[in-house]
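A.B. asks: next one to model:
(chains A and B)
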Amino acid sequence: MAGLATTLLALAVGAPVVLAMAWPFHPLRPLAVRLSPWAAAPALLLALVHLVDPAAAPSLEAPGLFLGLQLGLDPLGGAFLLLTALLWVAAGAYAWWYHADDPHRDGFFGLFVLTMAGNLGLVLAADVLTFYLCFAAMTFAAYGLVVHKRDGEALRAGRIYIILALVGEVAILSALFALGTAGGSLLAFGPEVAEAWSRLAGEPGVFPPPEGLEGAYPWVTGLLVGGFAVKAGLAPLHLWLPLAHPVAPTAASALLSGVMIKAGLMGWLRMLPYDLAVPGLATVVIITGAATAFYGVLMGLAQDDPKTVLAYSSVSQMGYMAVGVGVILLAPEVAPLALTAVAFYALHHGVAKGALFLSVGVGSRLPRPSHHRGWLWTLRLGVAVPALALAGAPFTSGAFAKSSLKDALSELGGPWYAVLDPLLLVAAAGTTLLLVRFVVTLETRIGGGAQEGSAASAGGPWGLVLPWMTLVAAGLLAPWWLATAFPPLGGAAAPSLLQDLLPALLPVLMGVALAWAIIRRPKVLGSLRGLRIPAGDLLVLLEALLRRLRLPGRSLANQAGWALRRGSLRLQDAVQAWLDTLARRDPRLMQSPLLGSILLALALLLAVALW
Amino acid sequence: MTPVLDWEFLPLLVVLSSFVPGVWIMFLREEQEALRSSLNLIGAVAKVVLVGLMLRGVGAGAVYEWRLQVLPGLELSLIGDALALLFVTLSAVLWLVTTVYAIGYLKDSPNRTRFFSFFSLCVTATTGLAMAGDLFTFVIFYEALTWATYPLVVHRGTPEAIQAGRLYLIYTLTAGAALVLGAVWFQVEAGTVAFAPGGVLEMAAVEEAPVRFFSLFLVLLAGVAVKASFFPVHGWLPIAMVAPAPVSALLHAVAVVKAGAFGVVRLLHSLFGIEVAWEMGAAGLVAGLAAFTIIYGSIRALVQDDLKRLLAFSTVSQLSYIALGVAFLTPMAQTGGLVHLVHQGIMKITLFFCAGVLSETLQVKKVSQMAGVARRMPLTMLAFTVAALGMIGIPPIAGFLSKWYLGVGALDAGAVWVIPVLLASSLLNAAYFLPVIRTAYFDDPDPEGWDDKGRSRWFEADWRLVVPTVVTALLALASGLFGGIPWSPLGWAELIVDRSIL
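C.D. replies: Predicted structure coming up:
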């Protein structure tokens, strides 16, 4: 079993890497593209093996590769691997049929496997730099998925995505420089990272912090949190999410929301110090997280595109997970519980959100509903299951995840619990409302993308429906397999499923009641229709502000560049004028190689004479 | 284990392997193309083989020394140790690929005999100064490099090229004069000009006359700073872009600018000694100047539309990483600086090769003409993408390793201010490279604006242009991907620092 797991570990990362490397070679490309949708299969197999036998913890080291690659599978990695591999396989199959007639299909799958390699790699990374390597590969390759449509909107979304991603990368890298200085280039997750942190923090009795880095500890943790917050979509760094999701191809949006933003979360969980409290930062993270949970709901309600609504819902849900991360930073003693809760939440949200995104594509490619009532009801059912889960209805993975997060909060106790518990309850009601909004916007789009002769009209879109249904089923069964995936929580979670019946039902009922109340009153609904916020909310304000100041980024750089140029030209002119006077005095000096050489020889003779 | 070759004269052979073809070609007629190309290629392959032999020997601990007495007390000395080999290997390998590239690039153009002759002499001078065992030998080859490069810069013979050549000479000759002056002065002060690990100056002597020694340092720095293109004496570099693409490639990756950067390494480490240099404030000055040049070059690159000018300013910026790294006392920073000598070389030569392929095949010279060019030139743009991402510092490409070692090394030395410089440089690099990549891949092509010379049988352009480009891009990727093995540039740089022969 151990040998099998190790082989699968190598294959899980190796398969997409090999396909990505084969892609540039023209004769190999058709084969590489054909295999690409299934490149995550070994990873899925590894996740299942790990699920069956959690004791199998394979690890691999390649000291010659990069600065020393380390891969491994631990419980946290196993949970994220299950989610990541499941979504990549489902999205791969879905994309294969979705892009069947796409002239840019080959390009899509080239970037698809490269992004996949990064994403699976970061889940399986066992040290800091391997994680960073994979994280960067995923981030930059995913740009190509975002701008796949190549129209103005997609390119704008891509630009915002890459600018924010770069800012995030830079923040992370600066924090890693400090960690590397404290602990060396090869920092395995776990004790080694913890030791580097305690060195940076300058814990009494251990080591003093490195020279020049005294007092850097809060900054370094802050940069790390902020850097990964870009990927995780924490407000106000979420700006790229609502822009990138609607323009990206459906499979790519499902991956972005389902697993890629979880990479930011994973970065937090892997790299932040668990056993050293960072109270100031923790407070900021918790408050930002809770605020993001509300902000996402409010912005999302004012959207018309179902994918934008879902993107804002993801922003909101990542806020919950950020609250969990804040709890870890606040109270090391609650960390194990909070860690499990957050991982749990990520898994639940990834599967449910992935299924909902895929349903948008299914809906738009369905034949006209008037002819196919069966399909329509399948769609409605397939949307209802993950939507209820996200809302946290009883007996769903959402109820499970929310109650485990609540457990962690109540363990924390004190004023935090007193404030956060009701607050998150209200936010959950908002989530329900937002999902109603999603269903409403989705209904208007059904059949919108069906074309004559496309996969959809030719006997049913099975290629799209099967991957989607797989995710829906995985989400439906989640409460059972989640318990197996998380042995520490398994015992406690099953009874709480019944205990928390009422608290779980409450926000759903509140949300539905509110939605029903609004929809019943055409006047209120009409006045709400006027309230539309462009996707990217703050960004639009920011861009308007920049336009008003007439200082868009590019021209600012231009001005700086020209100013520098003027300055340096003036300096160079001075130098050159001086050189020219020299040259005028003896024009041949500057023109004749012979004279120059003679001068050189003379100088050397002088050197000899001085010996 | 096979016995190590102990030929003392290996360094001389390495120098001669390009000198002999260079001189021979000078006497060939223009139409003797086959002989000329064969001589060039034989020389280039011979050099790679000889360097390979030396690498094996030095890896096992040997040092090759060859001396020739010129006058009593004055000798030419060539030393093949690990530090010299870092640079020699880079120039030997890149000379080989550039020769192939140049043969393809200059086919059917006039004055090729002159070109290839000086091309070989240029590399001769570079390998010579890389292995120079003392300042005297260094100066000889340093000046020779100036003269060997001039005909290459003015190769096209246009008024623009002549003007650029004039400027190049004014800059480099003045610097050469400063270097000679400094060398003589150094001889007077120290009694020797031989390079020695840890420097040859006594701390006590320097402390007695700090101003005099600082002036001496400034004179020598002025000598090497021009070729290393430090602000404000970088002006010649972007103007020398009129040279044919293979010349720019070699100029920016190996020959001239690296001679300057290597001069800074020698000045700080082998003459003054890095500890003395820190004590007298000289190393701090170099670090500050380098940091400023890094930012300055990047900002200037932002506003360029001409692809080669953009790359030239990028060189100004990237080159200063080397000086920045070796100016610090910590081993990691020094490793980062040294390894960037190689990393910058292979990444930048790739970028210039790409620029050359585009201008030679499609007459595309500006970024604004590059929309959708990746569809016509997939391999070239893939190579460009790898090298550009490496320049930004994205793992696992070579540039990231340099950046990582520099960043951690600077923090080790307590210089937190270096981190914002490195990161700002990364962001600026992204700001001028990523739009190029985006437009090449995702914008709609406008083939009307291209003057397409057509594809070759197997490749998107002449294979002699495409293959070297792809090879150097793979080298840039491999240097990063296999950074952990001892024979990688990084492994070798670590060996240099470990053996403390810097």
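A.B. asks: going forward, measure contacts between C-alpha atoms and count neighbours the same way
C.D. replies: Will do.
A.B. asks: in the stretch 251-400 of chain B, where is pLDDT below threshold?
C.D. replies: Within the stretch 251-400 of chain B, no stretch has pLDDT under 70.
A.B. asks: what sits against the spatially most central residue of chain A?
C.D. replies: Compute the mean C-alpha point of chain A, and by Cα atoms, centre = their mean the closest residue is residue A:261, 2.0 Å away. Applying Cα atoms under 8 Å, 6 or more residues apart in numbering or on different chains, we find residue A:261 in contact with A:231, A:232, A:233.
A.B. asks: ok, now with 6 Å
C.D. replies: A:231, A:232 (Cα atoms under 6 Å, 6 or more residues apart in numbering or on different chains).
A.B. asks: phi, psi for whatever residue of the stretch 201-350 of chain A ends up closest to chain B please.
C.D. replies: Residue nearest to chain B within the stretch 201-350 of chain A: residue A:212 (4.3 Å; Cα to the nearest Cα). Backbone geometry at residue A:212, expressed as degrees, to the nearest 10, gives phi 90, psi -10.
A.B. asks: got a pLDDT number for the residue nearest to the centre of chain A?
C.D. replies: With respect to pLDDT, residue A:261 scores 95.
A.B. asks: that one: which element?
C.D. replies: helix A:261-271 (DSSP states H and E).
A.B. asks: likewise residue A:66?
C.D. replies: Using DSSP H and E, no helix or strand contains residue A:66.
A.B. asks: that one: neighbouring residues, count only.
C.D. replies: A count of nearby residues for residue A:66, using other Cα atoms under 10 Å in any protein chain shown, gives 24.
A.B. asks: surely it and residue B:481 touch.
C.D. replies: Yes - counting by Cα atoms under 6 Å, a contact exists between residue A:66 and residue B:481, whose distance comes to 4.5 Å.
A.B. asks: around chain B, which positions in chain A sit nearby?
C.D. replies: A:63-68, A:133, A:150, A:177, A:181, A:211-212, A:558, A:561, A:607 (Cα under 6 Å from any Cα of the partner chain).
A.B. asks: which residues are in contact with residue 38?
C.D. replies: Here I'm looking at chain A. Neighbour list for residue A:38: residue A:89 [criterion: Cα under 6 Å, 6+ apart].
A.B. asks: switch to chain B, that's the one I care about
C.D. replies: Contacts of residue B:38 (Cα under 6 Å, 6+ apart): none.
A.B. asks: which helix or which strand is home to it?
C.D. replies: helix B:33-59.
A.B. asks: buried residues, that helix. List them.
C.D. replies: Neighbour-count burial for helix B:33-59, counted by 16 or more other Cα atoms under 10 Å in any protein chain shown, picks out B:36-37, B:39-48, B:50-51, B:53-55, B:57-59.
A.B. asks: residues contacting residue A:117?
C.D. replies: Per Cα under 6 Å, 6+ apart, neighbours of residue A:117: A:13, A:16, A:17.
A.B. asks: quick one: pLDDT of the second one?
C.D. replies: Looking back up the chat, that one is residue A:16. At residue A:16, pLDDT is 96.
A.B. asks: how about the contacts of residue A:117 in JSON lines, adding secondary structure, neighbour count and distance to residue A:317?
C.D. replies: Conversion of the contacts of residue A:117 to JSON lines gives the following (DSSP: H, G, I helix; E, B strand; the rest coil; neighbours: other Cα atoms under 10 Å in any protein chain shown; distance: Cα to Cα, whole Å):
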{"residue": "A:13", "secondary structure": "helix", "neighbour count": "25", "distance to residue A:317": "29"}
{"residue": "A:16", "secondary structure": "helix", "neighbour count": "31", "distance to residue A:317": "29"}
{"residue": "A:17", "secondary structure": "helix", "neighbour count": "20", "distance to residue A:317": "31"}
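A.B. asks: tell me the one among the residues you listed nearest to chain B.
C.D. replies: Each of these was scored against chain B by Cα to the nearest Cα, and residue A:17 proved nearest at 12.5 Å.
A.B. asks: contact partners for that closest one?
C.D. replies: Contacts of residue A:17 (Cα under 6 Å, 6+ apart): residue A:117.
A.B. asks: state the mean pLDDT of stretch B:211-231.
C.D. replies: The average of the pLDDT scores along stretch B:211-231 is 92.
A.B. asks: which parts of the stretch 251-400 of chain B sit against chain A?
C.D. replies: With Cα under 6 Å from any Cα as the criterion, the stretch 251-400 of chain B comes near chain A at residues B:299, B:300, B:303, B:395.
A.B. asks: neighbouring contacts of the helix or strand where the second one lies?
C.D. replies: The one in question is residue B:300. Secondary structure assignment for residue B:300, by DSSP H and E: helix B:282-302. Residues outside helix B:282-302 that contact it (Cα under 6 Å, 6+ apart): A:561, B:231, B:277, B:310, B:313-314, B:316-317, B:320, B:324, B:327, B:425, B:428, B:432.
A.B. asks: now, which of these lie within strands?
C.D. replies: Applying DSSP state E to those, no entry is found in strands.
A.B. asks: among the residues you listed, list the two that are farthest apart in space.
C.D. replies: B:277 and B:432 (35.0 Å; Cα to Cα).
A.B. asks: the two - which one has more neighbours?
C.D. replies: Regarding residue B:277 and residue B:432, a neighbour count based on other Cα under 10 Å identifies residue B:277 as having more, with 28 against 23.
A.B. asks: which two from the residues of chain A next to chain B end up farthest apart in space?
C.D. replies: The span of the residues of chain A next to chain B, defined through Cα to Cα, is set by A:150 and A:607 at 65.9 Å.
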